[in-house]
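Novice: let me see the structure of the following:
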Amino acid sequence: MTGGNVVRALVITASNRAAAGVYPDKSGVLLAELLASAGCDVAGPRVVPDGDPVETALRDGVAEGFEVIVTTGGTGLTPTDLTPEMTRRVIDREIPGIAEAVRQMNREKVPTSILSRGLAGQAGSTLIVNLPGSTGGVRDGMAVLAPILAHAVDQIHGGDHRG
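Specialist: From the prediction side, this is the model:
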């Protein structure tokens, strides 16, 4: 994707119940499949409970040199939904347009999509994007991300503006 290199992507699922084995992680598995379809070399999903373990998983992913980390889950309004707060601790700067586009993607059919508090930003040379924990939210988020991933990664690595 960037200069002929395949983008290395990591999927992190933030879910207390999936991490505890109460139910299988469907959104992380779907997200990994969609990232692979977009041409990424994908690791994960790494399933962690929400809160501090998300921050740890994000920092680990950045340290491991992933160019893109996409999370699923933990972006809602419940007291345990803390993925945006954990992401804010890790990123150096926000990229608000991505998060806004994800929220608006399917708003007519899913009015509650605007309640997602997901962030997008840059941590060093890693792009981090929070997506909702539903498979529908993952599909909508990837519809936004897939066309811009290569360009975003290229820009983060100092590439020239095109067109």
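
Novice: pretty sure H157 contacts G124?
Specialist: No: assessed by Cβ atoms under 8 Å, H157 is found out of contact with G124, at 10.7 Å. All C-beta atoms are positioned from the backbone trio N, CA, C, and that covers glycine.

Novice: now stretch 84-98: average pLDDT?
Specialist: Stretch 84-98 carries an average pLDDT of 97.

Novice: what's the helix or strand containing T71 packed up against?
Specialist: Per DSSP states H and E: T71 is located in strand 68-72. Applying 3 or more Cβ pairs under 8 Å, 6 or more residues apart in numbering; DSSP states H and E, one finds that strand 68-72 makes contact with strand 8-14, helix 26-37, helix 52-63, strand 126-131, helix 135-145.

Novice: can you redo these as a markdown table with mean neighbour count, mean pLDDT and distance to G76?
Specialist: Below are these laid out as a markdown table (neighbours: other Cβ atoms under 10 Å; pLDDT from 0 to 100; distance: least, Cβ to Cβ, whole Å):
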| stretch | mean neighbour count | mean pLDDT | distance to G76 |
| --- | --- | --- | --- |
| strand 8-14 | 28 | 98 | 11 |
| helix 26-37 | 20 | 98 | 13 |
| helix 52-63 | 18 | 98 | 14 |
| strand 126-131 | 26 | 98 | 11 |
| helix 135-145 | 22 | 96 | 10 |
